[in-house]
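Peer 1: below are the sequence and a predicted model for it; my questions follow.
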Amino acid sequence: MKKHFVPKTESTIKAVLFDIDGVLLDSFEAGFLFFGDILTALGYPRPTRGAYKSAFHLPLTLALKYLAKADLTEELGRLDEILQNVSYHTELLSEPPGCKEVLEALHKKYKLGIITSRNRDGLSKRYFPFSKTEKYFSVTVTIEDVTHPKPHPEPLLLAAKRLKLKPSECVYVGDSHTDIEAGKSAGMKTILYGGKKHKKADVSIRSFRRLPEAILLLQKRGR
């Protein structure tokens, strides 16, 4: 019997969700100095670059514990006070080339959201004042909004719920294996940005300007 060709239907992508650090923002140098200053104030030595690189995608308190190699049970009681007196060096921050132009273009076609392991202050007092991009995002999920941070899917599922979308209608853009694992566990399409490789990522890109093209590719694949 002759087989009939049935073309794949395009999948419906309605939202693009982003990690901040390593995707929307190159914050490594600023974070390295920031965490060093916090640890010094807590009475611990500054981390090496290698140690900080391993902790880069961890939430604040988990990163501090990892870098101090201590539980910090008593010290964390002073953390809020210390954070008020530690400067965050925004002059060391930079956005990927074409970032605002891409966000502007995507905003016209999709709902945009942020899912980050930063706390609310890290989002509202540090990232948005620097980037001036808050107007583009319909939803934000921080570490304080969830019980289980990435790589658990809870933050991503919460973002989809707040947008009133199915996870399959969302794309998550991250730069780490943790991001891809969270995205796949949530049932979302995933784009790995920055040059790393992960076998479960649907698409990998090095240039932020290629993001709209990568999303269209996912649409055509019908995944």
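Peer 2: Perfect, I can see it now. Residues are numbered from 1 along each chain as shown.

Peer 1: CA only for contacts and neighbour counts going forward, please
Peer 2: OK.

Peer 1: and the gap between S94 and R162?
Peer 2: Counting by C-alpha to C-alpha, to the nearest Å, the separation of S94 from R162 is 29 Å.

Peer 1: got it, and R78?
Peer 2: The gap separating R78 from R162 is 33 Å, by C-alpha to C-alpha.

Peer 1: before we move on, the earlier item: more neighbours, S94 and R162?
Peer 2: S94 (16 against 13; other C-alpha atoms under 10 Å).

Peer 1: phi, psi of the closest residue to the more buried one other than its chain neighbours?
Peer 2: The spatial neighbour of S94 that comes closest, neighbours along the chain excluded (C-alpha to C-alpha, 6 or more residues apart in numbering), is D26 at 5.3 Å. With angles defined as degrees, to the nearest 10, D26 sits at phi -90, psi 100.

Peer 1: and for G113?
Peer 2: Note on G113: its backbone torsions stand at phi -150, psi 160 [degrees, to the nearest 10].

Peer 1: all the strands of the protein, residue numbers only.
Peer 2: Counting by DSSP state E, the segments of the chain that form strands are 15-18, 111-115, 139-141, 170-174, 189-193, 203-205.

Peer 1: what does the domain assignment say about this structure?
Peer 2: What automatic domain parsing lists as the domains of the chain is 15-26+93-221, 28-91.
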